[in-house]
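A.B. asks: sequence and computational prediction follow.
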Amino acid sequence: MVSQLDALFNPKSVALVGASAQPGKIGNTILINLMNGNFRLYLVNPNESVINGLKVYKSVKDLPETVDLAILAVSAKITPPIIQECVEKKIPFVISVAAGFGEIGEEGKALERKIANILKGTGTRLVGPNTLGIIVTANKLDTLFVPKERSPRPNDGDISVISQSGSIMCGIYEMAEDAGIGIRACVGLGNKVDLNENDYLEYFAKDDRTKSIAMYLESFSDGEKFVEICKKITPKKPIVAIKVGSTEKGAKAASSHTGAIASGSDALVSGIFKQIGIQRAYDEIELLDMAKALAYLDHIDGDRIAVVSSTGGFGVIATDYIESKEKGVGMRLAEISDEGKKAIRERTQYFASVENPIDLTGSVTDEMYGEVLEIIQKEKGVDAVLVLLQLQPPLLTNRLVDIAEEKIKKGGKPTIICCIGGSVPRPMLRRFEEKRIPAYNSLTRAIKSIRCLYDRGLYLKRIKSARKEL
């Protein structure tokens, strides 16, 4: 489905205003990041003629075509007249990366008002100013002014990120890259003089390649509209969000960061999020953990969890954390049927525990894990499965990932992987992520993500019930 923002995220032509040949300058870093994109690239700089083998035009007006997107790598003070040129050239989208606007006080706010007046009534839309820019992995659109060697980009995926902080955005996609989690797109809100979180939410809601939306917000541009948009999105597509500025000092910090006015008490925000189906995260790790679980699995229908492990200790910790309402997530261990226990006992060592949590012991093999997973996948009293893969047992090999994937996807029961350790399990965790099976290196992170999936399931049941009553 074609969206009003499609030319922003899928441009056929891009102009970089302020392109530079000097290493270290913002105009040079953005140029390097744009060079391999799937679009025609034009450069603008009145003081250059050729950069990196590309012809350089003196002004926006001199461009040979009306590009879909112009990126402004110029100072705040000269940004308004260049935006005026973009308007006159009928360029539909502009990204302004410069700082020095509303976040610095009245002088910067005056520049923002000037830009808003220039854009008013035109067909030109603005991202920013004071934005890191956007990334779209599939078409290699990368407008960021941070070098890739310092900030590795993720592979293509199905999580879209909307962030009011450039550094938070970097942190999220760098963690994703490190873990092997794919990202569909990232967009930095900046000061939101024009386009804001509501516009991007509507875009990603219609984007078939976006399976979940992750947000970091310091303020709401239009809270009422935000609520109405999310009510339409969340029944079909999950949203997870961090909303900061809930304390007096936090609100002050948010204001000085992007010129935002943080509004709404913390309790009010939590209540609204719950009502409209947004899963609330409180730090960057929770945000990515929840977003990937929601992207891969969407939800679970109940709170009965089966734990399959090769170690007793971690199984006991998992049990306490799953069942405790005070220190855990307040869910339940599933009851394994007598037939299921008998089948597990026949396929494991005589000293293995077939009670939930299932302990396959240090004598476990790849095939044993696979056979037990196949049995658990058929258990009617199980809503989701937590698999604790500890790689110390000598009979386990790299084949375990493929065996587990086959059993999990064939059975169809939502399954979370947890593998605790140091450098040894990292490659295996990445392989699970690449197969779109959520994997974690921490019990609490894995189990919190299961709770997130359960909460979404409760929300979907609630709105389904409400519709039946109408």
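C.D. replies: Everything's here; your move.

A.B. asks: alpha carbons only for contacts and neighbour counts from here, please
C.D. replies: Fine.

A.B. asks: which parts of the stretch 351-470 of the chain are helices?
C.D. replies: Secondary structure of the stretch 351-470 of the chain (DSSP state H, counting those that start in this stretch): helices at 366-377, 399-411, 426-434, 443-469.

A.B. asks: average pLDDT across the longest one?
C.D. replies: Read it as helix 443-469. What helix 443-469 shows for mean pLDDT is 94.

A.B. asks: quick one: buried residues of it?
C.D. replies: Residues 443-460 are the ones in helix 443-469 that count as buried (16 or more other Cα atoms under 10 Å).

A.B. asks: which one of the helices of the stretch 351-470 of the chain lies closest to Ala70?
C.D. replies: helix 426-434 (33.7 Å; Cα to Cα).

A.B. asks: orientation of that closest one relative to helix 399-411 in degrees?
C.D. replies: 20 degrees (axes from the mean of the first three to the mean of the last three Cα atoms, to 10 degrees).

A.B. asks: now Ile276: how far from Ala116?
C.D. replies: 31 Å (Cα to Cα, to the nearest Å).

A.B. asks: between the two, who's got more neighbours?
C.D. replies: Ile276 (20 against 16; other Cα atoms under 10 Å).

A.B. asks: report the contact partners of that one.
C.D. replies: By Cα atoms under 8 Å, 6 or more residues apart in numbering, the residues touching Ile276 are Val227, Cys230, Lys231, Thr234.

A.B. asks: check what pLDDT it gets.
C.D. replies: For Ile276, pLDDT reads 96.

A.B. asks: next, count neighbours for Pro425.
C.D. replies: 17.

A.B. asks: find the nearest non-adjacent residue to it, please.
C.D. replies: Cys419 (6.4 Å; Cα to Cα, 6 or more residues apart in numbering).

A.B. asks: what are the phi and psi values at the one you found?
C.D. replies: The phi/psi pair for Cys419 (degrees, to the nearest 10) reads phi -140, psi 110.

A.B. asks: quick one: the residue located most distally from the centre of the chain from Ile344, how far?
C.D. replies: Within the chain, the residue lying farthest from the chain centre (Cα atoms, centre = their mean) is Tyr350, at 44.1 Å. Applying Cα to Cα, the value for Tyr350 to Ile344 is 10 Å.

A.B. asks: and the contacts of stretch 131-150?
C.D. replies: Outside stretch 131-150, the residues touching it (Cα under 8 Å, 6+ apart) are 9-10, 26-27, 29-30, 33-34, 36-38, 71, 95-99, 127, 154-157, 165-166, 183-191.

A.B. asks: next up, the contacts around Asn398.
C.D. replies: So Asn398 contacts Met428 (Cα under 8 Å, 6+ apart).

A.B. asks: pop out the phi and psi values for it.
C.D. replies: Per-residue torsions, Asn398: phi -70, psi -10 (degrees, to the nearest 10).

A.B. asks: ok, Glu286 touching Thr444?
C.D. replies: No: between Glu286 and Thr444 there is no contact, the gap being 10.4 Å when judged by Cα atoms under 8 Å.
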